[in-house]
Every structure is written in C-alpha cells, then in structure tokens.
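**Q** 3D model of this:
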Amino acid sequence: MQTEHKIILANSQQMPELADSSIHLMVTSPPYPMIKMWDTQFATINPQIARLWQKLEADGEEETVTQIYDAMHETLSRTWRETHRVLVDGGIACINIGDATRTLNGKFRLFPNHSRIIEHCEKTGFTTLPYILWKKPTTKPKYKGKGAFLGSGFLPPNAYVTLDCEFILLFRKGKLRHFPPNDPRRYESAFTKQQRDEWFTQIWDVIGTRQTTSQIERRTAAYPDEIVNRLIRMFTVKGDTVLDPFLGSGTTVKLAMQNDRNSIGYETDEKLLPLIEKKLTPEPATCKLSIINREN
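**A** Now for the predicted structure:
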C-alpha cells in the first residue's frame, strides 16, 4: 500500500496545513509540565512562562508556582484544540504523559499532569475513555538493590511514593467511527486474540528505550516503538492518517510507515531533523516522505 508522510517544522498550536476532519488518530508524548528538562522548551514557546520563572525567583510566591503550571497546560491545550478540529468524527487522541514531582520554594509536591490534560481535553469537546497505565522500570535510588524510595528510607512518616507509571490518556471526538459493511481495510487490519488480550488491558509493562548521552536524545528516547505500534494498530485501519503534534525523533512516523498508515508530524526543534532522518532511513519503497519548513 502506498502511503504518504509529512514532517512539518512548525509549532502545532496552529496546524493550517491540515483540513478539518482529516486525521484518524493522534498519538503523541508532549513536553511534561514541571519537569525541569522541558522548562526551556515551554519558555521558548510561551514567553509568559519565562517571565513567570523570573518572577518566582524574585518573590517566591506560591501563587506564581500555580501560574507557571497553569500557563504550561494552557500552552499544551492550544494543540489539543487544534487536534480536536482536525480529527474525524470518531477519531481517537492518545497522549502519553507523566505526572511530575518537584521541590519549589523548599516544598516537595506532585504536579498531576494527567488530570490537567483530561480537564483541558474535556473542555475542548473530547470524550474521555479508559486510560492505560504504562508501568516503567524505576530509575529511582534503591536501598541495597531492594525497592525504590524517596525520603527517609525505613523511617516514617516523611518518605514518598515513587512515580513508576505514566499515563496513556485516550479521548474520542464525537461518536464511534462507521465503516461500510465488510470493509476490507478493517479485516486486513485485524489483530490477533493474544494481541487483543494484551493490548486492551489497563496496565502495560513495556521497557522504555535506553537513554543515551545528549540532551536531545534524553528528551526523545523514553517513548518506545512498542507503545506507538500498539496504539496505531488498536485505533486505526490501513490507509488511515496518524498525527503526532510533538514528533520528537520521529517514532510515530516510523511506525505509521511500518503499518501502512499515512502520517503527519510537527516538530519545532530543527536540531532533531538529523535524528528523524536517521530513524526513517532507509525509507520503504511504498512510502513517500516530505519535509516542510513552514518558515520557508
């Protein structure tokens, strides 16, 4: 099956290249609010966030922490609104997100990113579906190799529960998709009973891609092929179009190519282009790939 794939170097808060109701599935892992690694990216996209960080350094007010967190999620929500516009009726949005823990103003706290995204997506018009918990191997310190902890080890009451799961949030636009009777694309796209039983359970044990040394690779390496492969197979049929508004190193496009789906990816960081091109090489003969720089 001939498929087409586009990588657009631009901000996905606006996607004028995409017509209304032209996308069947969105799969992405956005920058995580309140994870330090992504502070600069949020501040670059939204200068108000940079000003708020400066304000926090000056005043140390709790209200400023809340304003930073709100501004980060409002920045992401612009992409969720555009996603809702471009999805077909019955299209699915899949968002991989982790909650964040951070000490600010001398106070350790949780920032529940998954719940904020659900709130914003429901305000946009999405219907929330049962989500998936991706249980990742922990990277937290261990005591003599046994169990992870944060805080005072064996002494109550000041230890904290370790975050070792991320969320794959699932949303639908409108009602169920409809297909003609005996549509061959659906039968050609069927999964096995074993795949159905494993994929449609709420807890996934999938090992993340091993992180490497560069900052760019650390930012993009934790999103394994298997996660994207499952979501594409679960929620699209062959010939559908998959969108990733935060493309990173190109995993979604790669898996769309392998599964006979079309794809479109947005990425603001042009320094990732060599990684994307490396991941998509060699390009399958049945795939047509184009790279578009909106500024040019």
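**Q** Other residues contacting stretch 224-236?
**A** Stretch 224-236 is contacted by residues 24-25, 27, 92, 94, 96, 134, 168, 189, 191, 195, 199-200, 204, 206-209, 242, 251-252, 254-256, 258-259, 261 when judged by CB atoms under 8 Å, 6 or more residues apart in numbering. Every residue, glycine included, has its C-beta placed from N, CA and C.
**Q** Inside strands: which ones of the residues you listed?
**A** Residues of those located in strands (DSSP state E): H24, L25, V27, I92, C94, N96, W134, I168, W204, V242.
**Q** The third one touches G248, doesn't it?
**A** Right, the one you point to is V27. No - V27 lies out of contact with G248 (CB atoms under 8 Å); the separation is 11.4 Å.
**Q** Those two: who's more crowded?
**A** Neighbour comparison, V27 and G248: the larger count goes to V27, with 28 against 24 (by other CB atoms under 10 Å).
**Q** Let's see the pLDDT reported for that one.
**A** We have a pLDDT of 98 for V27.
**Q** before we move on, what about the one 10 residues further on?
**A** The score at M37 is 94. That number is its pLDDT.
**Q** Could you count how many residues lie near it?
**A** There are 11 residues near M37, going by other CB under 10 Å.
**Q** Could you tell me the phi and psi values at it?
**A** When read as degrees, to the nearest 10, the backbone of M37 gives phi -60, psi -30.
**Q** how close does it sit to P30?
**A** According to CB to CB, to the nearest Å, M37 and P30 sit 13 Å apart.
**Q** The stretch 1-150 of the chain: helices as residue ranges?
**A** Applying DSSP state H, counting those that start in this stretch to the stretch 1-150 of the chain gives helices spanning 39-45, 47-59, 62-86, 113-124.
**Q** Is it possible to get TSV of the ones you listed that adds distance to I232 and mean neighbour count?
**A** Below are those laid out as TSV (distance: least, CB to CB, whole Å; neighbours: other CB atoms under 10 Å):
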stretch	distance to I232	mean neighbour count
helix 39-45	25	18
helix 47-59	32	14
helix 62-86	16	19
helix 113-124	20	18
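**Q** any chance of these in a markdown table, with distance to G265 too?
**A** Conversion of the helices of the stretch 1-150 of the chain to a markdown table gives the following (distance: least, CB to CB, whole Å):
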| stretch | distance to G265 |
| --- | --- |
| helix 39-45 | 16 |
| helix 47-59 | 24 |
| helix 62-86 | 13 |
| helix 113-124 | 20 |
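**Q** and of those, who's closest to F154?
**A** Closest to F154 of these, according to CB to CB: helix 113-124, at 30.0 Å.
**Q** list the helices and strands that closest one packs on?
**A** Applying 3 or more CB pairs under 8 Å, 6 or more residues apart in numbering; DSSP states H and E, we find helix 113-124 packed against helix 62-86, strand 87-97, strand 127-135, strand 165-172.
**Q** quick one: average confidence on that helix?
**A** 98.
**Q** looking at this, P284 is in a helix?
**A** No - remark: P284 does not belong to a helix; assigned using DSSP: H, G, I helix; E, B strand; the rest coil, it is coil.
**Q** and it, what pLDDT?
**A** pLDDT for P284: 87.
**Q** Also Q215?
**A** What the model reports for Q215 is a pLDDT of 53.
**Q** Check which residues of stretch 265-279 are buried.
**A** G265, Y266, E267, T268, D269, L272, L273, L275, I276, K279 (16 or more other CB atoms under 10 Å).
**Q** Any chance you could list what contacts stretch 181-199?
**A** The contact list for stretch 181-199 (CB under 8 Å, 6+ apart) reads F179, R230, R233, M234, T236, V237, K238, G239.
**Q** ok, the fourth one - how many residues close by?
**A** What it means is M234. For M234, using other CB under 10 Å, the count is 18.
**Q** so how far is the helix or strand that contains it from its chain's centroid?
**A** Secondary structure assignment for M234, by DSSP states H and E: helix 225-235. Distance of helix 225-235 from the chain centroid (CA atoms, centre = their mean, to the nearest Å) equals 13 Å.
**Q** Mind listing what's buried along that helix?
**A** Burial within helix 225-235, assessed by neighbour count using 16+ other CB under 10 Å, is assigned to I227, V228, N229, R230, L231, I232, R233, M234, F235.
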